[in-house]
Every structure is written in C-alpha cells, then in structure tokens.
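A.B. asks: sequence below, structure please.
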Amino acid sequence: MGLLDALPAELAPAAAPEIGRLARLQRFAPRNFESLLARLFDDPAYAARLDSNPPLRWLFLFHFDGYAREAALRRLEGPAPSPFLPAALAHRLNDWVFEVRRAAAGAVARCFPATDPAILAAAALFLLDRGRHWRRWGEEQAVLEEALLRRADVADRLAAEIARRPQGPMARILVSAIRRPALDRHLPALSAGAVQPDVRAAALEALIAGRARWPTGTERRWIDKPMGISKPVAVYSERALANTGPADALIRQGLDDRSPAVRKVALSGLIALGRASEAQLALVRPLAADSNRGVREKAAFVLGQAGAGGPSP
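C.D. replies: Just a heads-up that it's a prediction; the model follows:
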C-alpha cells in the first residue's frame, strides 16, 4: 500500500485499471449456479480475504469485479492514509455499477470524517474539479461535497491551497467549492490576496453580487426556431452569501487591483449597481485609458452612466 500512498490524487481514475492489472485483481469465475448466487450477496472468498487482511479493502477499490469492489467498500472504515486513496474512493461514487456507487457513499461517510484534514484538502483540489465531468452519479455528489466541506479544518486548508498556488484550475475549484458555505468566510481574503488573478476575480464577483453562482449544465436556446437554429448555453444555480461586507469597499478594492480581470469584475459591479459615488468615479476615470481594452470599455460605460467625463488630457 505504500506505493499507492505515494501517488498524487489526480492519478486515481487513470491509474485504477493499471493497478488492477498489476495486482492481478481479476474476476473469480463461479463454478456453478450456487456459487454465483453466493456472489450476489457476499462472496465468501472475497469476504474471507478482506476480513483477514484489512489493507486489501483499499486495494480492492481497483478490482475488476464489481462484487469485489462492493465487498471492499462495505468493509472500508477508518482514515485514509494519503490523498490518492480518498480520491480513489470518491471515484467509486461514479462507478458504472449502482451497488458499488451506493457502497462507496457509505464508505465516504465513514472514512472522510476520520481522515487528516491536510489529506482531505489535497484530495479535494482534484475532486472538486474532476467531479464536474462525472455523469453516472446522482445523490452521491451531495455525499461527497458534504464529506469534503463540512469540516472547518478541511475548508481552512483548502482555502489556503487555493490562495497560494500559482498554477492549476484554482478558480474553477473555488467556484465548485462555494456551492456550499464552508469557504464563505475565506472569500474576502481570497479576493484580496490570492496569487492567481482569476481566483481574486471569482471571489470578488461573488462578494459584490452577494451570491455564489456555479454552472450546473447546459440547455439549448433557440436563435431561430422556425429555421431550427439553436445553441447550447450554460445553466447556473446560485445561493445567497451572508455577511459579504460593504459593496463600496469591495468595488474600490477591485478597481485598484493589479489584474485587468479583477478590475473588470469591479467595473461590472458598478454597472450592475447603476450608480457610482464621486469617490468611485475618481478611481474609474484613469481606467478609461487602461492598457486593457475590456477595462477601458467598461470604465467608459460607467462614466457614461454617471454623465462624467473621461480622463483629463
């Protein structure tokens, strides 16, 4: 198991078949109808091996036989020793076998609360982004989100990782994470101090709007119904945020940010409000000559809304 512990969490889906092959986790061939019936409930061969050697329960997550995966998941308990294994466990929530998905939900509920917060936070960085692409799971998605984000110690470490990492899809992970309120109290710090501009922009956008918003899929929108012309558009869900802070201070913070992406979010916030104070306009006027075209255009719109002029020659 030590070799598995050394693998990064993001390799869990791709490595699963190779681990099963190298460990020779092939299916047992039932010799008669009675042995086949026994497997439908709890194959005694699998049960004996799993009960006598508990570490096999983690290894059997990669078994080619769904009965073996289910038997292992039903016995799995205690903390996960590395980020790779909770990622592998969570991947079984998207297993093609319904009974395996159901057993995986129970294992997640038992194992994640006992797992070290640093391990869960490292796994969450992968799972919160990867889970967007899973299609087989249903209510298991809520099981995973609840298990990952209900603990304050895990949320604290996850927010710290999102804030400090210079690369990777940290903004997408943040948007996935704020489906639940665990990271709400970290949004002000992320909007001001995250290394990646996209993270600062995503956090600031949520705070200014006073709501978290995330994509839930796509739908077809008609462009010309008689001609049968349509296009896919993203569908979003949202929830209200509590205690977001004064919008005026958040907008001033965004207008002064070094990144055009964040400045555009602040300007969009002003446009949505439909008004700007004189202090805000003083910050907006120089942006009418910003090096970024999108910033210039939004600044000109805000100034036009206010009937104010651009920068002095």
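A.B. asks: ranking helices and strands of the protein by mean pLDDT, which lands last?
C.D. replies: helix 33-42 (a mean of 46; mean pLDDT, DSSP states H and E).
A.B. asks: stretch 280-298: which residues count as buried?
C.D. replies: By neighbour count with 16 or more other C-beta atoms under 10 Å, stretch 280-298 contains the buried residues 280, 281, 283, 284, 285, 287, 288, 290, 295, 296, 298. For every residue, glycine as well, the C-beta is placed using N, CA and C.
A.B. asks: could you dump it to PDB, C-alpha only?
C.D. replies: Output of stretch 280-298 as PDB, limited to C-alpha atoms (Å, rounded to 0.1, in the frame of the first residue of the first chain):
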ATOM      1  CA  GLN A 280     -15.600  55.700  -7.100                       C
ATOM      2  CA  LEU A 281     -15.700  57.800 -10.200                       C
ATOM      3  CA  ALA A 282     -12.300  59.200  -9.200                       C
ATOM      4  CA  LEU A 283     -10.900  55.700  -9.400                       C
ATOM      5  CA  VAL A 284     -12.800  54.900 -12.600                       C
ATOM      6  CA  ARG A 285     -11.600  57.900 -14.700                       C
ATOM      7  CA  PRO A 286      -8.000  56.800 -15.000                       C
ATOM      8  CA  LEU A 287      -9.300  53.400 -16.100                       C
ATOM      9  CA  ALA A 288     -10.800  54.900 -19.300                       C
ATOM     10  CA  ALA A 289      -7.200  55.000 -20.500                       C
ATOM     11  CA  ASP A 290      -6.300  51.500 -19.200                       C
ATOM     12  CA  SER A 291      -4.000  49.300 -21.200                       C
ATOM     13  CA  ASN A 292      -6.700  46.600 -21.300                       C
ATOM     14  CA  ARG A 293      -9.500  47.100 -23.900                       C
ATOM     15  CA  GLY A 294     -12.200  45.400 -21.800                       C
ATOM     16  CA  VAL A 295     -11.300  47.600 -18.800                       C
ATOM     17  CA  ARG A 296     -11.400  50.800 -21.000                       C
ATOM     18  CA  GLU A 297     -14.800  49.900 -22.400                       C
ATOM     19  CA  LYS A 298     -16.400  49.100 -19.000                       C
END
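A.B. asks: quick one: that stretch to chain centroid distance?
C.D. replies: Remark: stretch 280-298 is offset 33 Å from the chain centroid, using C-alpha atoms, centre = their mean, to the nearest Å.
A.B. asks: again with stretch 269-286
C.D. replies: The answer for stretch 269-286 is 33 Å, by C-alpha atoms, centre = their mean.
A.B. asks: straight-line length of that stretch, end to end?
C.D. replies: 17 Å (C-alpha to C-alpha, to the nearest Å).
A.B. asks: could you say what helices and strands the helix or strand residue 269 falls within packs with?
C.D. replies: Following DSSP states H and E, one finds residue 269 within helix 260-273. Packed against helix 260-273 by the contact rule (3 or more C-beta pairs under 8 Å, 6 or more residues apart in numbering; DSSP states H and E) you find helix 197-209, helix 247-255, helix 278-284, helix 293-306.
A.B. asks: kindly calculate the angle that it makes with helix 293-306.
C.D. replies: Inter-element angle recorded for helix 260-273 and helix 293-306: 20 degrees (by axes from the mean of the first three to the mean of the last three C-alpha atoms, to 10 degrees).
A.B. asks: what residues of helix 260-273 count as buried?
C.D. replies: Buried residues in helix 260-273 (16+ other C-beta under 10 Å): 260, 261, 262, 263, 264, 265, 266, 267, 268, 269, 270, 273.
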